[in-house]
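Engineer: Got a predicted structure plus its sequence, pasted below:
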Amino acid sequence: MIVVGVGVGPNMLTQEAIEVISNAPVVYGSKRSIEIAERFIKCKANLIKDYKSLHLLPEGAVILSTGDPMFSGLGKFATSKDRIVTGVSSIQAACARFHVDMSTLAIITAHGRDPAPAKEALIREVGLGKNIFLLPAGNFGVKEVASLLHEMGVSAKLHIYEDIGYPDERAVSGTIDEPPENKSDMYCILVVL
C-alpha cells in the first residue's frame, strides 16, 4: 500500500501526492481526506471502516491520511515494504503562520488518545525550555494547557490555529492569563516560551 498525506486542509497536497492519487487503482480514506483529494481521484474511493485492517487492503491501494501520515496519521499502520508520501502537516502550517522555528519545538499529541502522557510530556519539555506544538484532545485543550503552565509558574505566548486551509481558518494568540479560545475542535496549539 501507499499511504499518502493529503495535507492539513484544502490546497495543501504536494505534487508527489497528486501524482500518486491520480494514478491510484483504488483509494481508501476518511470522509475528510477523500474530500480534500477528490478532484485528483480518478478511481473508486472507499471510506475506511476499520483502520486496524489496512494491511488487508489490495497491494496497490492508496490510503489517504490527513496532514502528514507520520504525525498522528495512518503511517503508523505501514510496514517496511509500504511507501509513505509526506503531506503538509499542521506543524508546518502553524510554524509558518506564527513564525516559529520548528527546530525549537517538542511535538506532542493528545489527539484521539488518553491525554495523560501528553500532559506529562508537556511538563517535561517545558521544563527543558522547549517550545511546544500540541494536537489537543477534547479534555486537554488550550484552557487546560494555560492552567497547567500557570501552575508551573511559566510565562509563555499561546497560539491556536484552527480549520487550517478551510474558509473559516482562524489564527489567534494570547497568554497564559488570557488564553485564546478555540471555536473549532480541529485546531492545534503552539506554546512559545
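Structural biologist: Sure, I can see it.

Engineer: And the strands in the chain?
Structural biologist: With DSSP state E, the ranges of strands along the chain come out as 2-5, 27-29, 45-47, 62-65, 83-85, 105-109, 131-135, 157-162, 170-175, 187-192.

Engineer: and the angle from the last one to strand 131-135?
Structural biologist: Using axes from the mean of the first three to the mean of the last three Cα atoms, to 10 degrees, one finds that strand 187-192 and strand 131-135 are set 170 degrees apart in direction.

Engineer: Restricting to C-alpha, output strand 187-192 in CSV.
Structural biologist: C-alpha atoms of strand 187-192 as CSV (Å, rounded to 0.1, in the frame of the first residue of the first chain):
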residue,chain,number,x,y,z
TYR,A,187,-7.1,23.0,15.9
CYS,A,188,-3.5,22.9,17.2
ILE,A,189,-1.7,24.8,19.9
LEU,A,190,1.7,26.4,20.0
VAL,A,191,3.3,27.3,23.3
VAL,A,192,6.1,29.7,22.8
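
Engineer: Contacts for it, please.
Structural biologist: 90-91, 94-95, 98, 100, 122, 126, 131-136, 141-142, 145, 149, 156-164 (Cβ atoms under 8 Å, 6 or more residues apart in numbering). For the C-beta atoms, the positions are set from N, CA and C on the backbone; glycine is no exception.

Engineer: same check, this time on the third one
Structural biologist: In this structure, residues lying in contact with strand 45-47 by Cβ under 8 Å, 6+ apart are 26, 27, 28, 29, 30, 31, 34, 38.

Engineer: For stretch 173-180, list the C-alpha coordinates in PDB.
Structural biologist: Provided in PDB are the C-alpha atoms of stretch 173-180 (Å, rounded to 0.1, in the frame of the first residue of the first chain):
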ATOM      1  CA  SER A 173      -2.800  34.400  20.100                       C
ATOM      2  CA  GLY A 174      -3.000  35.000  23.800                       C
ATOM      3  CA  THR A 175      -1.100  34.400  27.100                       C
ATOM      4  CA  ILE A 176      -1.400  32.000  29.900                       C
ATOM      5  CA  ASP A 177      -3.500  34.600  31.800                       C
ATOM      6  CA  GLU A 178      -5.700  35.300  28.800                       C
ATOM      7  CA  PRO A 179      -5.600  32.200  26.600                       C
ATOM      8  CA  PRO A 180      -7.100  32.300  23.100                       C
END
